[in-house]
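In: Could you work out the structure for the sequence below:
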Amino acid sequence: MRGRGPPRPAAGRPPTARHRLPASPARIGGGPVNDPTNSPETRFVHAGSDPARQGGYVNPPVYRASTALYRDTAEMAASQADPLKRGTPVYGRFGTPTGRAFEQALTELEGGHASVLTCSGLSAITTAILAYVRAGDHILVSDSVYLPTRKFCDSLAALGVETEYYDPRAGGAAIEDLIRPRTRLLYLESPGSTTFEVQDVPALTTACRARGVTTIADNTWATPAFFRPMALGGGADAGVDVVVHSATKYLTGHADSILGAIVCSQESYPTVRAAAIRLGQCAGADDAYLGLRGLRTLGVRMARHHEQGLELARWTAGQEGVAAVLHPGLPGDPGHALWRRDFTGAAGLFGVELHPDFGRAAVDAMLDRLRLFGLGHSYGGYESLVVPADPVSHRLPGTWAGRGPLIRVHVGFESLTDLKEDLSAAFEALRC
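Out: Model (predicted):
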């Protein structure tokens, strides 16, 4: 009969090759395309890509799914026997092929073993920490971390977990002195949120590993384009155990998605994955797809953020009314040497400390004068942003030496000439 098309596969059996679109393994999926020895620019394009499993198409479908059907009871039993739910699809909350494509890509880029997606950056942070802590534990957290992370760690006291904040300038010897018999983990963010201190990550991880302390690093600022804290040089003990990302920011890159990710070593993955399952963590397929799409242009975008951010930081440092620019890419920055050693570039995010004689009203007048810089939270998109910051309100005495008002600047993809003109007008308002 005409018009019937090819026969359908028998019920309960996977489709055979004749029911799939033709694919050439030499050109799509696997092989040299995903070779880890390829340059970073090539890995951004091909990491996690497997067109052979997608009918030859380069992007995976968006699997908006809750229920997954089993072929038979044997398959159902096998899936229920998998505590990490990584084999046969079980339920949408445990992940979809769309999310797993993003997880695989990010894992390859960070040099990890496996990844877990969550619904936001903060959920990635809290899940990674909760995976390890129990009542009676002590944890070390950098004093320069993202403020919501700090608030969460403060709340752990209600669960019997003690949080001790350490100076982000501390080296390995100082951390060794802070480790106690009940210290469970060290959480760091390098550069630090808002004040951008760069930490000696290999020294910290080496000290922690010698004492059995798990290390977690927030790599949202640099992304694997510029920093790979799991794959640092200096020996097998130099890398961190877990990396967390607010994929909302640079990884997705378009200010249109809320997404978090946790990249794990082989040893840490079962612990983190089990915690994510217990806590009900998951990411929607649409957000995972946007994250995967963002990874494909990450190298190009981060190169532009680096170029624009560094140039605007240099220019801002010379403006009247500016006391300091907090950017590790500037030669005079205290963290510049560590940044040059461990990083290959800088994000478009930095801090600007104004002279102490400017009050809140003057700073507000400056911010309200801006036309191109949006006044809003987050960063990592194509647009330039600015937001006031107040590290003095929560930092430990002595760990933040700044005295004047602080603003955080994110440099997007607008013309640098236009951005400088916008800031020049704002600085005029500041001085009025």
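In: For stretch 314-333, report the contacting residues that lie outside it.
Out: With contacts defined as Cβ atoms under 8 Å, 6 or more residues apart in numbering, stretch 314-333 is touched by 191, 195-196, 198, 306, 309-310, 313, 335-336, 338-339, 343, 346, 350-356, 358, 402-404, 409, 420, 423-424, 427, 430-431. (Glycine included, C-beta is placed from N, CA and C.)
In: Just the buried ones from those residues?
Out: Of the members of the contacts of stretch 314-333, the ones counted as buried by neighbours, 16 or more other Cβ atoms under 10 Å, are 191, 195-196, 198, 306, 309-310, 313, 335, 338-339, 343, 346, 350-355, 358, 402, 404, 409, 423, 427, 430.
In: Could you look up the SS state of the spatially most central residue of the chain?
Out: Closest to where the C-alpha atoms of the chain average out (Cα atoms, centre = their mean) is residue 245, at 2.1 Å. Under DSSP: H, G, I helix; E, B strand; the rest coil, residue 245 falls in the strand class.
In: and it, what does it touch?
Out: Taking Cβ under 8 Å, 6+ apart, we find residue 245 in contact with 106, 121, 124, 218-220, 223, 251, 260-263.
In: Following the chain past the helix or strand where residue 106 lies, name the next helix or strand.
Out: Using DSSP states H and E, residue 106 falls within helix 97-110. The element immediately downstream of helix 97-110 (helix or strand, assigned by DSSP H and E) is strand 114-118.
In: Pull the residues that contact that next one.
Out: Here strand 114-118 makes contact (Cβ under 8 Å, 6+ apart) with 86, 95, 99, 102-104, 106-107, 124, 127, 247, 259-264, 266, 269, 272-273, 276, 281-283, 288, 291.
In: In space, what's closest to residue 250 - neighbours in sequence excluded?
Out: Counting by Cβ to Cβ, 6 or more residues apart in numbering, residue 250 lies nearest to residue 380, which is 4.0 Å off, once chain neighbours are set aside.
In: from memory that neighbour sits against residue 257, does it?
Out: No. Counting by Cβ atoms under 8 Å, residue 257 is not a contact partner of residue 380; they are 10.5 Å apart.
In: what residues are shared contacts of the two?
Out: Taking Cβ under 8 Å, 6+ apart as the contact rule, residue 380 and residue 257 both touch residue 248.
In: These two - which one has more neighbours?
Out: For residue 380 versus residue 257, the count of surrounding residues by other Cβ atoms under 10 Å is larger for residue 380: 28 against 23.
In: re earlier: contact partners for the residue nearest to residue 250?
Out: 220, 246, 248-253, 255, 347, 349, 410.
In: now, which of the residues you listed lie within strands?
Out: Members of the contacts of residue 380 lying in strands (criterion: DSSP state E): 246, 349, 410.
In: Scan those and report the most crowded one.
Out: Neighbour counts for those (other Cβ under 10 Å) peak at residue 246, which has 28 neighbours.
In: count of residues packed around the residue nearest to that residue when sequence neighbours are not counted?
Out: Nearest residue to residue 246, sequence neighbours excluded (Cβ to Cβ, 6+ apart): residue 121, at 2.4 Å. Using other Cβ under 10 Å, residue 121 has 25 neighbouring residues.
In: repeat for residue 368
Out: For residue 368, the count of nearby residues is 10 (other Cβ under 10 Å).
In: what does residue 133 give?
Out: As a measure of burial, residue 133 has 20 neighbours, counting by other Cβ under 10 Å.
In: do the same with residue 35
Out: 11.
In: I'd assumed residue 63 was in contact with residue 54.
Out: No. Residue 54 lies out of contact with residue 63 (Cβ under 8 Å); the separation is 11.1 Å.
In: List the residues that contact the residue nearest to residue 66 when sequence neighbours are not counted.
Out: In this structure, residue 66 finds its nearest non-sequential neighbour in residue 92, 4.2 Å apart by Cβ to Cβ, 6+ apart. By Cβ under 8 Å, 6+ apart, residue 92 lies in contact with 65-68, 282, 285.
In: Thought residue 148 was touching residue 218, still the case?
Out: No. In this structure residue 218 lies outside contact range of residue 148 using Cβ under 8 Å: 11.2 Å.
In: just to revisit the earlier point, please identify the helix or strand for the closest residue to the residue nearest to the centre of the chain other than its chain neighbours.
Out: What sits nearest to residue 245 in space, not counting adjacent residues and going by Cβ to Cβ, 6+ apart, is residue 261, at 4.5 Å. Assigned by DSSP H and E, residue 261 belongs to strand 260-264.
In: the inter-axis angle of that strand versus strand 114-118?
Out: Counting by axes from the mean of the first three to the mean of the last three Cα atoms, to 10 degrees, strand 260-264 lies at 160 degrees to strand 114-118.
In: Which elements pack onto strand 260-264?
Out: Judged by 3 or more Cβ pairs under 8 Å, 6 or more residues apart in numbering; DSSP states H and E, strand 260-264 is in contact with helix 97-110, strand 114-118, helix 121-130, strand 242-246, helix 269-278.
In: switch the cut-off to 6 Å
Out: helix 97-110, strand 114-118, helix 121-130, strand 242-246 (3 or more Cβ pairs under 6 Å, 6 or more residues apart in numbering; DSSP states H and E).
In: returning to what we had before: what sits against the residue nearest to residue 245?
Out: Neighbouring residues of residue 261 by Cβ atoms under 6 Å, 6 or more residues apart in numbering: 106, 115, 117, 124, 245, 247.
In: ok, which pair from the residues you listed is furthest apart?
Out: 106 and 124 (11.2 Å; Cβ to Cβ).
In: pLDDT wise, what is the residue nearest to residue 245 at?
Out: You'll see residue 261 listed with a pLDDT of 99.
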